[in-house]
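A.B. asks: A predicted structure for the sequence below; I have some questions about it.
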Amino acid sequence: MAGPLYRPFASPPYRVSMDLESLRLADWIEIDSFYPSHMAEKRRLLAERHKDVFCALPEAAAASREVLALLAGHLATQHPQMFRRAGATLENLALGERWDLDATGLHPLDLAGRLVQEDLCLMQSDAAPPGPYRLTAASLCFPTRWRLADKIGKPMQAIHAPVPLYAERLARPVDRFFEKLAPQRPVFRTNFSLLDNPALFQQGGHGRREPDPALTPENAATRIHLRMERQTLRRLPQTGAILFTIRIHQSPLAVFEDDPQGAADLAESLRTMPAQLFHYKSMPVLAEPVLAYLDGIARPMNLA
């Protein structure tokens, strides 16, 4: 294995920061070999748990239409091997689907979420000049331990209220960034979590304390999964709303078997994580066997 695609844990110590990077619009949406399985799981969730994974307030209608139009154009242009556009018709060659974008019977953001692996969240300000941005619509099939129903309609600071250190270190920078984000300057960031459950749909699980006696350094390679979110932020040029996309990348810790530097960086990030976040991310359940496993991989490098 070559190691994980993204490395938000690199260059420890652990930092509580936005860590934004410029994004080329051509790279906005990621499609990889997991596309068929991810989209099948989205279809299942949308059929069986639609109220859990999709919600849109009335004020999000225009911005949702803009998202669908931008996404359809982007996919046909940047991924022509998988998507073909003819007027109002978008054909998904990978899944054998054909959509009339003007008459689907679906909410436009619901349809948009059925085209890509990313989850899609719309943030809008209802004040002039812009005030706090609220979550007004989302297609959220793959949450990392949060519930859409708990967040819809709320501003950023309330959405992140349970997250340690957000109010103290990130709330004001995030609000200022949202105010100034320009349509022609999208950005992205990545973050990471360690989970003992590989499911893509995870609504809860923060703050666990009790160690799991069944988890050991010997089985951590397969039982613990590195879950990373590639998040993009893009202001919509017509409505001024901000589209927040979340793309999940995850792999078992075994991905570090041939990556001692990555193992060392992740271990040091975990050791330097602020105590509040360490507990919030349920690390008391995972840390001891995970660190023993990572240290075992990194040790030969340290002895060289």
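C.D. replies: In hand now; what should we look at?
A.B. asks: kindly state the beta-bridge partners for the residue positioned nearest the centre of the chain.
C.D. replies: In the chain, the residue lying closest to the centroid (Cα atoms, centre = their mean) is residue 246, at 3.0 Å. Following DSSP bridges, residue 246 is listed with bridge partners residue 119, residue 231.
A.B. asks: the longest helix along the chain - what's its average pLDDT?
C.D. replies: Criterion DSSP state H: the longest helix present in the chain is helix 283-303. For helix 283-303, the mean per-residue pLDDT is 87.
A.B. asks: so what's the residue nearest to residue 93 when sequence neighbours are not counted up against?
C.D. replies: If the residues on either side of it in the chain are set aside, residue 93 comes closest to residue 82, at 5.4 Å by Cβ to Cβ, 6 or more residues apart in numbering. Every residue, glycine included, has its C-beta placed from N, CA and C. Taking Cβ atoms under 8 Å, 6 or more residues apart in numbering, we find residue 82 in contact with 31, 35, 75, 92-94.
A.B. asks: who are the packing partners of the longest helix of the chain?
C.D. replies: Other helices and strands packing on helix 283-303, by 3 or more Cβ pairs under 8 Å, 6 or more residues apart in numbering; DSSP states H and E, are strand 187-195, helix 220-223, helix 260-271.
A.B. asks: between those, which gets nearest to residue 240?
C.D. replies: Of all the helices and strands packed on helix 283-303, strand 187-195 sits nearest to residue 240, with 16.5 Å by Cβ to Cβ.
A.B. asks: how about that closest one, which residues are buried there?
C.D. replies: Using 16 or more other Cβ atoms under 10 Å as the test for burial, strand 187-195 gives 187-190, 192-195.
A.B. asks: below-threshold pLDDT in the chain: ranges please.
C.D. replies: Applying pLDDT under 70 to the chain flags the ranges 1-2, 128-129, 300-304.
A.B. asks: switch the cut-off to 90
C.D. replies: 1-5, 103-104, 126-132, 204-213, 299-304 (pLDDT under 90).
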